[in-house]
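> below: sequence and its predicted model.
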Amino acid sequence: MWPPPLTNQFHRKIFTAAVAGLFLSLLCLTPAQAQTVSLSVWPPILSAMIKPGKSITQVYRIKNLADDTTITASVVPFVAADEHGHISLQFDQTPPPYFSLLNADLPDFPVTIDLKAGQSRELVLKISIPAQAEEIDYPVALVIESDTQGLIGGSGSQAKATIATPILLTVSESGLPNRLAQIVEFSSNKIVDSFDPVEFILRVKNQSFNVLRPVGQIEISNTFGRKVATLGLEADNILGGTVRQLRPKINPEAAETDNIITWNPVFPLGRYSANVKLTPEDTANNVSAQIYFWALPYKALLTLAILWICWKALKK
Amino acid sequence: MFPSILKAVASMESDSYKLRWPNLNMTSGSKSSANYNINDTVGQTAAGEYDSAGFKVRAGFQYIKTIIPFVFTISDISIDFGTLVPNVFSSLTTTLTVTSGAGSGYSVVASADHPLRQTTSSITIPDTTCDSGTCSETVAGIWTNTTRYGLGYNLAGDDIPAAFSDSTYFKQFGDVSLGEASQTVMSNAGVTASSIATVTYKVNVSNNQAAGDYSNAITYVATASY
């Protein structure tokens, strides 16, 4: 029979203490912990140019920063998702058979690994190019898919996390493939206010088959042809046959970056020219473009005009 | 630590070849592992050695914060609505966090394997079409009317699509079973030390919805950009 009969004062005290302890422990219980997934991978990008017949290796560090999980690593081709360097994984495509793992305890891709909470794992990726491989680019990504098991009591959705890092692989015998760039858009507002910054749009097409990095800058000259500013450009990767919108030079110390090419002059006035010159890295294939714009304090002039009209109206 | 790194970086530049951010810790500890045996060349060539070595490698971004790994976190993978009550919205949230020194940014896309579906039958709770009946996986719409049914999601926070202008706007998840494309839920073309977005899942069923438990899987794919 429960509870047992409390025969004396001592037993009564023990029972009371036990009930109080149980009550307190229930009060101290934390709510059910959310099932979290958090994956870390380094390096976040790999760019490699390899001769046919040669091979390289790269160590990838993967860390599970959350609950126990199972990951599956594979290599998946990708294409450009937009003009900003984002990638679109092509899970229905097969990568070239140049990618394997050197880890002795792991089979080839795709490979499934259990990762305990906080556990790290190094994957040694080998990229081996056959002697007869075609001299083109092979944009692929190392893809890590997690399969953390969650608990759903009724109706609901189970989330899964996948993390991917791009590999820009170029196969080239010479190491200097011919790279050609084309400026498809270089623009700004035709008339800008003298109190506002001037923003530029610069879109560049890679007309070759290999990824290129455009090195260059924008030079701004005033009405008298004197150079008044130079805007650095980030040498972002542009995949073969694709267009990319270029960004201003990244400040290495900045926590965040502005992705719009902007000139912040002090009260510009008159007609200005902006001249962009680009050279694909490791080539002498220069391209350039020039635009003109007017800088006027038109907002202030408009305000003054309205005030003048109002004053004249009141005077009448 | 940085001054010595920068000095090393500066020495790896020539007229023919430039390595601004070499593999800072690419081989550290790797060769001593018992799990693998490296016989191939590891690392990257110095200037002008392509002909002899046969490769050039850059690992990591040109940005100095490239030593920060690419990290993606989902705060809660189990979105448990419990028992659904007809004509009453059920909402739950989870947080997506991206941490990266990636110089070219990142994107996160999401998709569902199918609509919420009974595990024992093919009966589904369809994706929401919002109050107007026109929202989809690509078009957001206001969803506040409790006589409009389905599953949808809202986004708030950093680097989210502009379509989610406030907490009343919802979209469908791209349905893989119907061949619909994954949709971007977070993206940034530049450096973001840490970006956080909140996903609100919302479901509503009619009185005619068959009783039972409904479920699906939402896959989030976070990719570093190039």
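That came in fine, so what should we check first?
> so which residue is dead centre in chain A?
residue A:86 (6.4 Å; C-alpha atoms, centre = their mean).
> quick one: it from chain B, how far?
4 Å (C-beta to the nearest C-beta, to the nearest Å). Any C-beta I mention is one placed from the backbone N, CA and C, and that applies to glycine too.
> list the contacts for that residue?
Neighbour list for residue A:86: A:80, B:105-107, B:184, B:187, B:189, B:223, B:225 [criterion: C-beta atoms under 8 Å, 6 or more residues apart in numbering or on different chains].
> would you convert those into TSV that also reports secondary structure and neighbour count?
Output for the contacts of residue A:86, formatted as TSV (DSSP: H, G, I helix; E, B strand; the rest coil; neighbours: other C-beta atoms under 10 Å in any protein chain shown):
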residue	secondary structure	neighbour count
A:80	strand	22
B:105	coil	26
B:106	strand	29
B:107	strand	25
B:184	strand	16
B:187	strand	22
B:189	coil	23
B:223	strand	28
B:225	coil	28
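> ok, so of the residues you listed, who is nearest residue A:111?
residue B:223 (19.4 Å; C-beta to C-beta).
> just the strands in chain B please.
Per DSSP state E, chain B carries strands over the ranges B:55-59, B:70-74, B:78-82, B:90-99, B:106-112, B:116-118, B:124-125, B:141-142, B:150-157, B:169-170, B:174-175, B:183-188, B:194-204, B:214-224.
> for the ones you listed, give me TSV that also has mean pLDDT and distance to residue A:140.
Output for the strands of chain B, formatted as TSV (pLDDT from 0 to 100; distance: least, C-beta to C-beta, whole Å):
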stretch	mean pLDDT	distance to residue A:140
strand B:55-59	79	15
strand B:70-74	95	16
strand B:78-82	95	32
strand B:90-99	96	21
strand B:106-112	97	17
strand B:116-118	96	33
strand B:124-125	97	35
strand B:141-142	98	37
strand B:150-157	98	29
strand B:169-170	98	35
strand B:174-175	97	23
strand B:183-188	95	21
strand B:194-204	96	25
strand B:214-224	96	12
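> between these, which one is nearest to residue A:69?
That would be strand B:70-74 among the strands of chain B, by C-beta to C-beta, at 11.1 Å.
> who does the nearest residue to residue A:246 once chain neighbours are set aside form a beta bridge with?
With C-beta to C-beta, 6 or more residues apart in numbering or on different chains as the measure, residue A:202 is the residue that lies nearest to residue A:246, at 4.6 Å, once sequence neighbours are left out. Beta bridges link residue A:202 to residue A:186 when assigned by DSSP bridges.
> quick one, what contacts the residue in chain B sticking out farthest from the centre?
For chain B, the largest distance from the centre (C-alpha atoms, centre = their mean) belongs to residue B:52, which lies 40.1 Å off. By C-beta under 8 Å, 6+ apart, no residues touch residue B:52.
> any idea how far residue B:87 is from it?
74 Å (C-beta to C-beta, to the nearest Å).
> residue A:305 now?
Residue A:305 is 58 Å from residue B:87, by C-beta to C-beta.
> and if you look at residue A:73?
From residue A:73 to residue B:87 the distance is 45 Å (C-beta to C-beta).
> between those two, who's got more neighbours?
Neighbour count, other C-beta atoms under 10 Å in any protein chain shown: between residue A:73 and residue B:87, residue A:73 has more, with 21 against 11.
> skip the chain neighbours and tell me the closest residue to residue A:292.
residue A:273 (5.2 Å).
> send me the host helix or strand of that neighbour as CSV with only the CA atoms.
According to DSSP states H and E, residue A:273 maps onto strand A:270-280. Extracted in CSV, the C-alpha atoms of strand A:270-280 (Å, rounded to 0.1, in the frame of the first residue of the first chain):
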residue,chain,number,x,y,z
GLY,A,270,29.1,70.5,-63.2
ARG,A,271,29.6,67.8,-65.7
TYR,A,272,31.7,64.8,-64.6
SER,A,273,33.0,61.8,-66.4
ALA,A,274,33.5,58.3,-65.0
ASN,A,275,35.9,55.9,-66.7
VAL,A,276,36.1,52.3,-65.8
LYS,A,277,39.1,50.2,-66.8
LEU,A,278,39.2,46.4,-66.2
THR,A,279,41.8,43.7,-66.9
PRO,A,280,41.1,40.0,-66.3
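> so what touches that strand?
Counting by C-beta under 8 Å, 6+ apart, A:179-181, A:183, A:186, A:188, A:200, A:202, A:204, A:208, A:212-223, A:225, A:228, A:233, A:285-295 sit against strand A:270-280.
> can you select the buried ones from the residues you listed in PyMOL?
To isolate the buried ones among those in PyMOL, judged by 16 or more other C-beta atoms under 10 Å in any protein chain shown, type:
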select buried, chain A and resi 179+181+183+186+188+200+202+204+208+212+213+214+215+216+218+219+220+221+222+233+287+289+293+294+295
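> which of the contacts of strand A:270-280 fall within strands?
A:181, A:183, A:186, A:200, A:202, A:204, A:214-221, A:228, A:287-295.
> follow-up on the earlier one: mind putting the strands of chain B into JSON lines with distance to chain A?
Formatted as JSON lines, those follow (distance: least, C-beta to the nearest C-beta, whole Å):
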{"stretch": "strand B:55-59", "distance to chain A": "4"}
{"stretch": "strand B:70-74", "distance to chain A": "4"}
{"stretch": "strand B:78-82", "distance to chain A": "3"}
{"stretch": "strand B:90-99", "distance to chain A": "7"}
{"stretch": "strand B:106-112", "distance to chain A": "4"}
{"stretch": "strand B:116-118", "distance to chain A": "6"}
{"stretch": "strand B:124-125", "distance to chain A": "8"}
{"stretch": "strand B:141-142", "distance to chain A": "20"}
{"stretch": "strand B:150-157", "distance to chain A": "8"}
{"stretch": "strand B:169-170", "distance to chain A": "14"}
{"stretch": "strand B:174-175", "distance to chain A": "13"}
{"stretch": "strand B:183-188", "distance to chain A": "6"}
{"stretch": "strand B:194-204", "distance to chain A": "6"}
{"stretch": "strand B:214-224", "distance to chain A": "4"}
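> I'd like those strands written out as JSON lines, with distance to residue A:264 added.
Converted to JSON lines, the strands of chain B look like this (distance: least, C-beta to C-beta, whole Å):
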{"stretch": "strand B:55-59", "distance to residue A:264": "32"}
{"stretch": "strand B:70-74", "distance to residue A:264": "32"}
{"stretch": "strand B:78-82", "distance to residue A:264": "45"}
{"stretch": "strand B:90-99", "distance to residue A:264": "29"}
{"stretch": "strand B:106-112", "distance to residue A:264": "27"}
{"stretch": "strand B:116-118", "distance to residue A:264": "50"}
{"stretch": "strand B:124-125", "distance to residue A:264": "52"}
{"stretch": "strand B:141-142", "distance to residue A:264": "38"}
{"stretch": "strand B:150-157", "distance to residue A:264": "28"}
{"stretch": "strand B:169-170", "distance to residue A:264": "34"}
{"stretch": "strand B:174-175", "distance to residue A:264": "40"}
{"stretch": "strand B:183-188", "distance to residue A:264": "22"}
{"stretch": "strand B:194-204", "distance to residue A:264": "25"}
{"stretch": "strand B:214-224", "distance to residue A:264": "30"}
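> residue A:122: which of the ones you listed is closest?
strand B:55-59 (13.5 Å).
> CA atoms of that closest one as PDB?
Backbone C-alpha positions of strand B:55-59 (Å, rounded to 0.1, in the frame of the first residue of the first chain) are rendered in PDB as follows:
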ATOM      1  CA  PHE B  55      48.500  23.700 -59.900                       C
ATOM      2  CA  LYS B  56      47.500  27.000 -58.300                       C
ATOM      3  CA  VAL B  57      45.200  27.000 -55.300                       C
ATOM      4  CA  ARG B  58      43.400  29.600 -53.300                       C
ATOM      5  CA  ALA B  59      41.600  28.400 -50.200                       C
END
